[in-house]
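Q: Sequence and predicted structure below; questions after.
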Amino acid sequence: MRILAFAYACEPEKGSEPGAGWAWARLLGGLAETWVITRANNRPAIEEALPSIPERDRLRFVYVDLPPWARRWKRGQRGVRLYYLLWQGAAVRRARRLHRELRFDLAWHLTLANAWLGSLAALAGPPFVYGPVGGGIGVAWSQLPTLGVRGTAYELARGMARGLARVANPLARLSWNRARLILAQNPETVEWLPRRHRARAAVFPNPILQSVGSPGGPAAGRTALFAGRLVPLKGVALALDALALLPGWRLLVAGDGPDRRRLIRRADRLGVEDRVRFLGWLPRRELLRAMRDDASVFLFPSLHDEAGWSVVEALGQGLPVVCLDRGGPPLLTGRAGVIVSAGRSADGLGGTLAAAVEQALERTAADARGRASAFSPDVRRGELLALLGRARLTGGQLHPSTPLERTDTAEVSA
């Protein structure tokens, strides 16, 4: 059987969307011969990593991009959604040519993982699988005071865009209509989909953990760690509020972003600046080491994360997790962490989070790693195969490969 996957973001040793694209390419490569259409700028990292992975003989990468003159205006995250839509046009033209030549059994949209942007992979020709995708979670309005002016403006604009796209984005509607199976990152995204499409949707968050860390427990002492992009929706302001109520605790913040200055000012105002360290972006290995050696709790009070790969990574290193009851993080952490209701007022939530951080110390490293094992490639392939079978997309041809050799490191595919 042959799969043709669309992964705009796909890069080894990265987090977020690029890491998800790479991990899912490997996951599909464990089920069938898989061709992955991705951006040309991902090529060096992919070709460096490909020879060392066990799925290498079942993966083919096809690199597509717009000409240089057509992408000079794109810088980092600026214009990424518009560029992504333009890229899809070039990608689907290549996909249709490949399908005429190779006759694929499935077309699969992997990244970007957004249900309301839509995907031209639906027009590639083969039966279409959409996801995992998110986008169905709204912010808890009681938490708007923690977001600041820019964060609040962003969430209001995002809410309007989500609502408009649900009824007026033809590309999203095309994707939902043509998908034989929709994989949703969280229950909220299933409920957000128009009712007639929900029967073909299944909750299947995208994290995949190649291996868990070495035996041992969280670091001694009282140190909480956050990892992620510093934007208001990630809830670091709430983490600082909790720290102010936790004498004797430190907070390590791994990541960077436009909210950093506001967070530093907030730490000064709360009088916790001497107990907070802003570490900036850490290489993947260094982040995993910090989780394993420096932290006793992973504090992730994101207001609407669709999945949250860092949650599974922390579990894999034996860290208990504290998160809010919204989106992917509570689904991922299960009973290996402490889940806090986001419906409280912004003033009261800091105290609830502080109590949860103390409570998390009662969780064990074995609990965390046991939960993380549910996201191993072998487990995830088996679950995915069952969903494809129920959707009648296997045709008797798709099956897990013989057990793949496992890597010896504690690295995560993202």
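A: In hand now; what should we look at?
Q: How about the contacts made by residue 392?
A: Applying Cβ atoms under 8 Å, 6 or more residues apart in numbering to residue 392 gives the contacts residue 180. Yep, even glycine has a C-beta here, placed from its N, CA and C like the rest.
Q: which element is it on?
A: For residue 392, there is no helix or strand it lies in under DSSP states H and E.
Q: how near is it to residue 179?
A: With the distance defined as Cβ to Cβ, to the nearest Å, residue 392 ends up 13 Å from residue 179.
Q: again, but for residue 290
A: From residue 290 to residue 179 the distance is 39 Å (Cβ to Cβ).
Q: Looking at those two now, which is surrounded by more residues?
A: Using other Cβ atoms under 10 Å as the criterion, residue 290 and residue 179 rank with residue 179 on top: 24 against 19.
Q: Domains in the chain, by residue range?
A: Using automatic domain parsing, the domains assigned to the chain come out as 2-209+376-390, 223-371.
Q: check contacts around the closest residue to residue 159 other than its chain neighbours.
A: Nearest non-adjacent residue to residue 159, counting by Cβ to Cβ, 6 or more residues apart in numbering: residue 138, 5.8 Å away. By Cβ under 8 Å, 6+ apart, the residues touching residue 138 are 159, 162, 188, 304.
Q: residue boundaries of the helices in the stretch 1-150 of the chain?
A: Assigned by DSSP state H, counting those that start in this stretch, the stretch 1-150 of the chain shows helices spanning 16-29, 43-49, 80-102, 148-168.
Q: possible to save those helices as CSV with mean neighbour count?
A: Listed next are the helices of the stretch 1-150 of the chain as CSV, based on neighbours: other Cβ atoms under 10 Å:
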stretch, mean neighbour count
helix 16-29, 25
helix 43-49, 14
helix 80-102, 16
helix 148-168, 14
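Q: could you redo those as CSV and give each row distance to residue 127 and mean pLDDT?
A: Below are the helices of the stretch 1-150 of the chain laid out as CSV (distance: least, Cβ to Cβ, whole Å; pLDDT from 0 to 100):
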stretch, distance to residue 127, mean pLDDT
helix 16-29, 14, 93
helix 43-49, 26, 95
helix 80-102, 11, 92
helix 148-168, 24, 85
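Q: Go through these and name the closest to residue 362.
A: helix 16-29 (30.6 Å; Cβ to Cβ).
Q: Touching the closest one from outside, list them.
A: By Cβ under 8 Å, 6+ apart, helix 16-29 touches 3, 5, 7-14, 34, 36, 38, 42, 46, 49, 53, 55, 58-59, 61, 108, 110-113, 206-208, 210, 229, 309, 377, 380-381, 384, 412-414.
Q: now those: which count as buried?
A: The neighbour count (16 or more other Cβ atoms under 10 Å) marks 3, 5, 7-14, 34, 36, 38, 42, 46, 49, 53, 55, 58-59, 61, 108, 110-113, 206-208, 210, 229, 309, 377, 380-381, 384, 412-414 as buried among the contacts of helix 16-29.
Q: Just those: which are in strands?
A: 3, 5, 7, 34, 36, 38, 59, 61, 108, 110-111 (DSSP state E).
Q: Run through the stretch 151-300 of the chain and note the low-pLDDT ranges.
A: 214-217, 219-220 (pLDDT under 70).
Q: And the strands in it?
A: 179-184, 201-203, 223-227, 250-254, 276-280, 297-300 (DSSP state E, counting those that start in this stretch).
Q: re earlier: out of the domains of the chain, which is the most enclosed?
A: domain 223-371 (a mean of 21; mean count of other Cβ atoms under 10 Å).
Q: Compute the first-to-last residue distance for it.
A: End-to-end span of domain 223-371 (Cα to Cα, to the nearest Å): 22 Å.
Q: start at 52 instead
A: Taking 52 as the first residue, the last one we looked at is domain 274-422.
Q: how far does that domain sit from the chain's center?
A: 16 Å (Cα atoms, centre = their mean, to the nearest Å).
Q: Could you do stretch 170-186 as well?
A: Counting by Cα atoms, centre = their mean, stretch 170-186 comes out at 18 Å from the chain centroid.
Q: what's the first-to-last distance across it?
A: 14 Å.
Q: Check stretch 120-136 too.
A: 17 Å.
Q: wait, residue 351 sits on residue 360?
A: No. If you go by Cβ atoms under 8 Å, residue 351 and residue 360 don't touch, sitting 10.8 Å apart.
Q: and the nearest residue to residue 299 once chain neighbours are set aside, what is it in contact with?
A: For residue 299, ignoring the flanking residues on the chain, the nearest one in space by Cβ to Cβ, 6+ apart is residue 273 at 5.5 Å. Residue 273 sits next to 297, 299-301, 347, 412 when contact means Cβ under 8 Å, 6+ apart.
Q: Also residue 100?
A: 63-64, 73.
Q: could those go into JSON lines alongside distance to residue 234?
A: Converted to JSON lines, the contacts of residue 100 look like this (distance: Cβ to Cβ, whole Å):
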{"residue": "63", "distance to residue 234": "22"}
{"residue": "64", "distance to residue 234": "24"}
{"residue": "73", "distance to residue 234": "17"}
